[in-house]
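Peer 1: Fold the following and give me the result.
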Amino acid sequence: MSRKEEIERKTEALLGPIAEKNEVRIYDVEYVKEAGEWYLRAYIDRDGGVDINKCVDVSHALSDALDEHDFIEDAYTLEVSSPGLGRQLKKDRHFEYSLGQDVDVKLYKPIDKVKEFTGNLKAYDADTVTVMIGDKEQVFNRKEISSIRLTLDF
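Peer 2: Residues are numbered from 1 along each chain as shown. Predicted coordinates:
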């Protein structure tokens, strides 16, 4: 496990009880370097969405827990937010939360000269994602998907 993955795992473990207390679920945790700066991002969600006050409450509690456990050597910025409307689906729990919703699928290589598909997420497993496109089920190999995210429908 890389240092980055270890930080994400430990942060998620600290965030678990905080999320439960605040009646939200953890959508994702990521530790990334952008423009020479480290960011620790926690994405939280709940049915009906989260508001800024909920993000602030979780941020304060998580910041205190991170200070107490002090396992990140780098200077970093902590951000707590909603995953947003067009959230990317990366982990099995993201797919689970999104079953029955419309998704945009982008592939590394085209299928019949098409690299982008939009349809309703029907199923997933460790190796595949099934999307209903019109009246036809399309099964994609997860290794062939460059990104999959919820469709923004305005």
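Peer 1: rest of the way, CA atoms for contacts and neighbours
Peer 2: Will do.
Peer 1: tell me the secondary structure for the most centrally placed residue in the chain?
Peer 2: For the chain, D28 is the residue whose C-alpha lies nearest the centre (CA atoms, centre = their mean; 4.4 Å). Following DSSP: H, G, I helix; E, B strand; the rest coil, D28 is assigned to strand.
Peer 1: nearest residue to it other than its sequence neighbours?
Peer 2: Y43 (5.1 Å; CA to CA, 6 or more residues apart in numbering).
Peer 1: Can you name the residues in contact with whatever helix or strand the one you found lives in?
Peer 2: Assessed by DSSP states H and E, Y43 sits inside strand 37-45. Strand 37-45 is contacted by residues 19, 24-33, 50, 55, 74-83 when judged by CA atoms under 8 Å, 6 or more residues apart in numbering.
Peer 1: Swap in 10 Å and give it another go.
Peer 2: With CA atoms under 10 Å, 6 or more residues apart in numbering as the contact definition, strand 37-45 has outside contacts at 4, 7-8, 11-12, 15, 19, 23-33, 50-51, 54-55, 58-59, 62, 72, 74-84.
Peer 1: Tell me, what's the model's pLDDT at the residue nearest to the centre of the chain?
Peer 2: Note for D28: predicted pLDDT of 93.
Peer 1: and if you look at D67?
Peer 2: pLDDT, D67: 97.
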